[in-house]
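Visitor: Sharing a model prediction with you, sequence too.
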Amino acid sequence: MIRAGRRHLVRTLADLAAQQGVTHRTYLNSQQHQAPGFPAPISSSGARVQLYDADQVDAYLTGKPVPQLPDQDDDQDLLDRRECAALLGVSPRSWDVYKNDAQLVRARLDVGGVEHWPRAAVQQFRANRPGKATTAGRPKNSGDMVPREQLLDRTAPLLDADPALTAAGVTDALGVHRDTAQDALLRLRADRMATLMDTDALTPQQAAQALGYPPAQTRRATVRAQAVLRARRAAPYLAGVARELHHAGWTTTDTAPDVQHPADDHCVAVLVLDGPGAPVPALVWDERAGWRTATSRRHPLGRGAAREVTPVATGIAPPPAALIAALTA
């Protein structure tokens, strides 16, 4: 990091080359900056651009003892991308999302061609970001800080930035319950894996690898992705049934039902029959058993619902006309 008050002393490798009166390429080829005893970079470990402290370099070049840099943290220390991520306890790719926050954009500084942020600005962001208390994680006894309908949209950019994102990382960033975060990650990963499986003819494992998802975090997603793919392939059939039931006057709209996954390896869909003269309150399609009736419009998949239903028609995907005929009979 760049210690407080030392920004004017920052030197790049190009600066060091100019100091020696050689080109940047010549300096890199000479590897002078890698000679024994040469001061270590002040950049974080693994940083692409290496920065150095002028006082240390000048002392080395003149044969003087290399001075130690201050070791006490200061609010005005300047932190690079990796150091900011470490301060927040997140991955650098997650920081690439967080840094777009308005207060961090205003605080950003370019030093030697590298983005830096004052330690104080990062600490303030950590304390004030949505869903955060003064400590990490969701405030105790609080509800989720993100509305359910916004959860996937808010989680998706975090997963884009860090394919190895964990539920703890989502909880830390958004202030939601860990189980809520885990469900969002499962749904997003499975959906994206299913897309690659369909378009590129990949296995679930190959799709997870292509997306950069660690194996330890994709065991459930691997199973769920296969169910998502089956649901997509069943969608045209379910849409056709919805249209025919609407045409029969049993539903007020012809909206196709959403396929649900009560278990990761299972697909079901519900059609609420809310039209006048509908023979039953609702129909449930199960990829394993076909169609059945449901006695409740509000809770067709609720506890005990499976014991109160009647199978309809035969087969997993009977033609809509056969389904209507069976219900009429």
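Guide: Nice, thanks for sending it over.

Visitor: would Ala17 count as being in a helix?
Guide: Yes - assessed with DSSP: H, G, I helix; E, B strand; the rest coil, Ala17 lies in a helix.

Visitor: I'd say it and Tyr27 touch.
Guide: Yes - using CB atoms under 8 Å, Ala17 is in contact with Tyr27, at 3.5 Å. Yep, even glycine has a C-beta here, placed from its N, CA and C like the rest.

Visitor: Can you get me a residue count around Asp96?
Guide: 15 (other CB atoms under 10 Å).

Visitor: what's the helix or strand encompassing it in contact with?
Guide: Element membership for Asp96 (DSSP states H and E) is helix 92-98. Helix 92-98 is contacted by residues 81-82, 84-85, 88, 90, 104, 125, 129, 157-158, 160-163, 165, 169, 173 when judged by CB atoms under 8 Å, 6 or more residues apart in numbering.

Visitor: okay, and the helix or strand of this protein with the least pLDDT?
Guide: Here the helix or strand of the chain ranked lowest by mean pLDDT, DSSP states H and E is strand 311-312, holding a mean of 77.

Visitor: Give me the sheet partners of it and which way each runs.
Guide: Using DSSP bridges, the strands paired with strand 311-312 are strand 290-294 (antiparallel).

Visitor: I'd like the mean pLDDT over the strand it pairs with, please.
Guide: For strand 290-294, the per-residue pLDDT values average out at 90.

Visitor: For that strand, output the C-alpha coordinates as PDB.
Guide: Provided in PDB are the C-alpha atoms of strand 290-294 (Å, rounded to 0.1, in the frame of the first residue of the first chain):
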ATOM      1  CA  GLY A 290     -48.400 -36.300 -15.200                       C
ATOM      2  CA  TRP A 291     -51.500 -34.200 -14.300                       C
ATOM      3  CA  ARG A 292     -53.500 -34.300 -11.100                       C
ATOM      4  CA  THR A 293     -56.200 -32.100  -9.600                       C
ATOM      5  CA  ALA A 294     -55.600 -29.900  -6.500                       C
END
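
Visitor: okay, now Thr199: neighbour count?
Guide: By other CB under 10 Å, the residues close to Thr199 number 9.

Visitor: so Arg243, which of the three states?
Guide: Per three-state DSSP, Arg243 ends up helix.

Visitor: which residues touch it?
Guide: By CB under 8 Å, 6+ apart, the contact set of Arg243 is 254, 320.

Visitor: where's it relative to Val312, distance?
Guide: To Val312, Arg243 is 17 Å away according to CB to CB, to the nearest Å.

Visitor: Could you do Pro65 as well?
Guide: Distance, Pro65 to Val312, by CB to CB: 88 Å.

Visitor: And the two? Which one has more around it.
Guide: The neighbour comparison of Pro65 against Val312 (other CB under 10 Å) goes to Val312, with 22 against 7.

Visitor: who does the more buried one bridge with?
Guide: Applying DSSP bridges to Val312 gives these bridge partners: Trp291.

Visitor: ok, it touching Ala329?
Guide: No - in terms of CB under 8 Å, Val312 does not count as a neighbour of Ala329; the distance is 9.9 Å.

Visitor: Do a quick rundown of the helices in the stretch 201-329 of the chain.
Guide: Secondary structure of the stretch 201-329 of the chain (DSSP state H, counting those that start in this stretch): helices located at 204-211, 219-247, 320-328.

Visitor: how about those in TSV, adding distance to Arg178 and mean pLDDT?
Guide: Shown next, in TSV, are the helices of the stretch 201-329 of the chain (distance: least, CB to CB, whole Å; pLDDT from 0 to 100):
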stretch	distance to Arg178	mean pLDDT
helix 204-211	22	93
helix 219-247	15	94
helix 320-328	42	90
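
Visitor: Can you say which of those is nearest to Ala4?
Guide: Judged by CB to CB, the one of the helices of the stretch 201-329 of the chain that comes nearest to Ala4 is helix 204-211, at 40.8 Å.

Visitor: Return the set of buried residues in the closest one.
Guide: Neighbour counts using 16 or more other CB atoms under 10 Å place 204, 207-209, 211 of helix 204-211 among the buried residues.

Visitor: which residue ranges form the strands in the stretch 151-300 of the chain?
Guide: 259-260, 268-272, 282-286, 290-294 (DSSP state E, counting those that start in this stretch).

Visitor: Can you tell me which of those is most buried?
Guide: Greatest average neighbour count among these goes to strand 282-286 (a mean of 23), per mean count of other CB atoms under 10 Å.
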